[in-house]
Structures are given as C-alpha cells and as structure tokens.
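Peer 1: Fold the following.
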Amino acid sequence: MIFTAAVLTISDRASAGIYEDKSGKLLEKELRDFGIEPVKYEIIPDDFEKIKEKLIEYSNESISLVITSGGTGLSKRDNTPEASLAVFDKRVPGIGEAMRKESAKITPRAYLSRAEAGIRKDTLIINFPGSTKACKENFEIIKAFLIHGLETIAGIDKHNK
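Peer 2: I've put the predicted structure just below:
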C-alpha cells in the first residue's frame, strides 16, 4: 500500500519569514527516503486554532501520516500537543514515550518534550520537536514501527499471514 504524508511546521518565526524552516524540509526528505511521499508541506504560526484546523483538514483528506515539527516545548507559545490532543480520536502514547526514552540517551532535555501522537479518522499524527537534529534522531526511532502502525490504521491485517 502507498502511504501519503503531510509535514506541518509550527513556528511563529518561520511562518513570519524570520528564518528558514529546516526541520520541516528535513522531515520531507526523511519521509521520501523511507518510501512515504509527502503530499503537503506547510508552515503555520504556533496558534492553537490554526494547528487544530490543519490537523482536521489533513485527516479529512485521508492523508496517512501527519508529522508536525515544533511547538512541543515548555514556552507559553508551544501549543502543538494541546491542539493535537483536541483532535485525536485515540491517543498513541507509546510513540512519544519511545521518542523521549531513546532521545534521552543523547540528551536529558528530551524529557522536557511534550510531544504527543494519536489517530484522527485514518490518519496517524505525530508531534516532533522543532530542531533538525531532534527531528532526524526521532525519525530514526519511529522507523522501526511506523509502517506497521500505518498498516494497522489502514486495516491491513498481516498477523494471520
């Protein structure tokens, strides 16, 4: 099965053109190299309602995977986890737990990430940090189980084959 993806960078400064979005572009490349074609890429400000709107839009379009970059920290403007939780039909807490656990082997600051993961309709949504280094490291972590998760959500049963 061919899976599609969207990359949504959530950053006040990148959306205002103050700096270039490198993490979103890196995630697009990681997805392509992994065999999943990104069909959408956008940069929006860290605004609760705008984040929710985009996540709903992408899942209504039946995009298989949405990866967000940014807005998972502790600052007052970091709204990505709350906006994501507001649209999930089901949480998938193990993804964020795996990313924090494995990333903490590199830096203890990983435990400050509030990244969430969940499902809305037939779309898996995963929050990534905003740093390119953390995006690359976290994508490596989820590769081990990503396709199985997407297949399960899509109703592909490989358990009895």
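Peer 1: isn't Glu37 right up against Val7?
Peer 2: No. If you go by Cβ atoms under 8 Å, Glu37 and Val7 don't touch, sitting 11.3 Å apart. (C-beta placed from N, C-alpha, C; glycine too.)
Peer 1: More neighbours: those two, which one.
Peer 2: Each of Glu37 and Val7 has its neighbours counted (other Cβ atoms under 10 Å); Val7 has more, 27 against 12.
Peer 1: On the strand side of things, show who the more buried one bridges to.
Peer 2: Beta-bridge pairing for Val7 (DSSP bridges): Tyr41, Ile67.
Peer 1: who touches it in this structure?
Peer 2: With contacts defined as Cβ atoms under 8 Å, 6 or more residues apart in numbering, Val7 is in contact with Gly24, Leu27, Glu28, Leu31, Pro38, Lys40, Tyr41, Glu42, Val66, Ile67, Thr68, Ser69.
Peer 1: Packing partners of the helix or strand hosting the second one?
Peer 2: What it means is Leu27. Per DSSP states H and E, Leu27 falls inside helix 22-34. Contacts defined by 3 or more Cβ pairs under 8 Å, 6 or more residues apart in numbering; DSSP states H and E place helix 22-34 against strand 4-10, strand 37-44, strand 65-69, helix 132-153.
Peer 1: May I have it exported as CSV, CA atoms only?
Peer 2: Output of helix 22-34 as CSV, limited to C-alpha atoms (Å, rounded to 0.1, in the frame of the first residue of the first chain):
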residue,chain,number,x,y,z
LYS,A,22,14.9,23.5,8.1
SER,A,23,13.2,20.9,10.3
GLY,A,24,10.2,20.5,8.0
LYS,A,25,12.4,20.2,4.9
LEU,A,26,14.5,17.6,6.7
LEU,A,27,11.3,15.6,7.6
GLU,A,28,10.2,15.7,4.0
LYS,A,29,13.5,14.2,2.9
GLU,A,30,13.4,11.6,5.7
LEU,A,31,9.9,10.5,4.6
ARG,A,32,10.9,10.3,0.9
ASP,A,33,14.0,8.3,1.8
PHE,A,34,11.8,6.0,3.8
